[in-house]
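Participant: After the sequence you'll find the predicted model.
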Amino acid sequence: MTLPHGPLRHGPGEPRDRALPDPAAVDPAVLATLLARHGWVRRGGPSARYGRWTPPDGTDPGTSLLVPAGDGFDDAVDLLADAVTALSRSASPSARAILLALAVPGDELQWRRDPAGPSGTAAAADPATVSWEDTERLQRAARAMLAAGAKAGRTRAAYFGARLDGWAGDFLDRVLVVPGGPGLTAYTPAPEGRAAVTTLVRALEALRDAVDYRRVSGGAEAFENAVQSGVSRELVESVEELVRGATAAQLTVAWSAAAGAPGGFGDRRIALEFSPGDLPALAEAAELLERIEPAVAVTLVGVVVRLKRADPAGPGSVRLRVLGGAEVDEVKVRLPDPAYRLAAGAHLAGTPVRVSGRLERRGGFRRLTRPTGLEPCGLEEAERERLLKTLGDG
């Protein structure tokens, strides 16, 4: 599956490869929350002044962090500087995640696939055993899932196709992804990126319920009802991609310790699981959701960027870069000879055209059928500047 704006932004491999968080900007309460979230243990110390934290399960017995209870103490910044430095040197696997969460204050999403071994059983979780194919599949699934959440956070649809690709691409550009072994972690901006993530969580919960209902009752109507929760064909396909070739797959979400949990979620742990046994229901859901999404009547304004026809006197096809009227970047339109000549003239003159028709789901809403009323249209100065910028960006 190809998504707009290429791959997600990846962080470097180790904490020492990136600038450490500024101790003066670290909130002691946020650091304590992250330590507790990752299983670090608070041991002794005057509770009103500081707490001493050690790694979980003796993973790094030589590490001990002294974290102030607040930032109002004279030695707070010095203690936080020592804690950040100790984390950067710690052998505990969770230290890296804590540093990243401090440096990138966002919601943390973690995907994990348990790849199937040669006999169909779960493969070992050792990063060295994870194949390139499994890593690529995990990244594709995560990218598609985030894009589906971003689109559904803007509006609901059973099938988006190319609609809102630009919106989803802008969101993906603001996500930091850190791969590691059989898993992958994404940090999404919070609170400004919350609509995409909260919609994604609710949609996956609704999809989980709909799949269970389909497997138990045999009814597929729950998939259609789940659209209002943010389920779409694109989301279903991302889950299929995540599960295929694995024995199990899971997404967990930890809300930003700095921004706090969004309304309606509280402090509950979010863990969503799917398995290969869900694949038949997911395939049925994907087909259903595309089928029920209707064509859309639109009147759009666009710039003719390509023309093609075999017969100099017959109909031809044009491609329009859309400036307004539809949430897609480009559409193809097949025009009769008179309209094609108008489009060719507008192309030579650099003038946009206005045309009405039906944006068809077939082909991902990239084709305008039943075109009528094609005509060149003038632009105000502000719109002309926007057009020039759009063409330059393309």
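Facilitator: Right, received. Where do you want to start?

Participant: I'd guessed Ser256 sits against Leu102; true?
Facilitator: No: assessed by C-beta atoms under 8 Å, Ser256 is found out of contact with Leu102, at 10.9 Å. Every residue, glycine included, has its C-beta placed from N, CA and C.

Participant: Tell me which stretches of the stretch 101-250 of the chain form helices.
Facilitator: Using DSSP state H, counting those that start in this stretch, the helices of the stretch 101-250 of the chain run over 132-154, 165-172, 194-217, 221-225, 233-243.

Participant: ok, residues contacting the last one?
Facilitator: Surrounding helix 233-243, the residues in contact under the criterion C-beta atoms under 8 Å, 6 or more residues apart in numbering are 1, 111, 113, 137-138, 140-142, 144-145, 147-149, 151-152, 158-160, 200, 203-204, 207, 249, 251, 274-276, 278-279, 282-283, 285-286, 289-290, 293.

Participant: Now, of those, which are buried?
Facilitator: 111, 113, 137-138, 140-142, 144-145, 147-149, 151-152, 158-160, 200, 203-204, 207, 249, 251, 274, 278, 282, 285-286, 289-290, 293 (16 or more other C-beta atoms under 10 Å).

Participant: okay, now Leu79: neighbour count?
Facilitator: 18 (other C-beta atoms under 10 Å).

Participant: got the phi/psi numbers for it?
Facilitator: For Leu79, the backbone dihedrals are phi -70, psi -40 (criterion: degrees, to the nearest 10).

Participant: related to what we said a few turns ago, export the helices of the stretch 101-250 of the chain to JSON lines and tack on mean pLDDT?
Facilitator: Below are the helices of the stretch 101-250 of the chain laid out as JSON lines (pLDDT from 0 to 100):
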{"stretch": "helix 132-154", "mean pLDDT": "94"}
{"stretch": "helix 165-172", "mean pLDDT": "95"}
{"stretch": "helix 194-217", "mean pLDDT": "95"}
{"stretch": "helix 221-225", "mean pLDDT": "94"}
{"stretch": "helix 233-243", "mean pLDDT": "97"}
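
Participant: quick one, which of those is nearest to Gly266?
Facilitator: helix 194-217 (12.5 Å; C-beta to C-beta).

Participant: which helices and strands does the closest one pack with?
Facilitator: For helix 194-217, the packing partners by 3 or more C-beta pairs under 8 Å, 6 or more residues apart in numbering; DSSP states H and E come out as strand 106-115, helix 132-154, helix 221-225, helix 233-243, strand 246-254, strand 270-274, helix 279-292.

Participant: Report the buried residues of it.
Facilitator: Buried residues in helix 194-217, counted by 16+ other C-beta under 10 Å: 194-208, 210-211, 213-214.

Participant: In contact with Ala261, which residues?
Facilitator: Trp255, Asp267.

Participant: Helix, strand or coil: sort out it for me.
Facilitator: coil (DSSP: H, G, I helix; E, B strand; the rest coil).

Participant: And it, how far from Asp212?
Facilitator: Ala261 sits 26 Å away from Asp212, going by C-beta to C-beta, to the nearest Å.

Participant: can you list the weak-confidence ranges in the stretch 201-350 of the chain?
Facilitator: Judged against pLDDT under 70, the stretch 201-350 of the chain has no low-scoring part.

Participant: mind redoing it with 80?
Facilitator: 267-268 (pLDDT under 80).

Participant: what sits against the spatially most central residue of the chain?
Facilitator: Central residue of the chain (C-alpha atoms, centre = their mean): Leu146, 1.6 Å from the mean position. Neighbouring residues of Leu146 by C-beta under 8 Å, 6+ apart: Leu8, Leu109, Ala168, Phe171, Leu172, Val175, Ala186, Thr188, Ala196, Leu200.

Participant: Could you check how many residues crowd around Asp173?
Facilitator: Neighbours of Asp173 using other C-beta under 10 Å come to 12.

Participant: Tell me how far it lies from Arg370.
Facilitator: Asp173 sits at a distance of 35 Å from Arg370 (criterion: C-beta to C-beta).

Participant: swap in Ala283?
Facilitator: Taken as C-beta to C-beta, the span from Ala283 to Arg370 is 31 Å.

Participant: Can you give me the distance of Gly363 to Glu330?
Facilitator: 11 Å.
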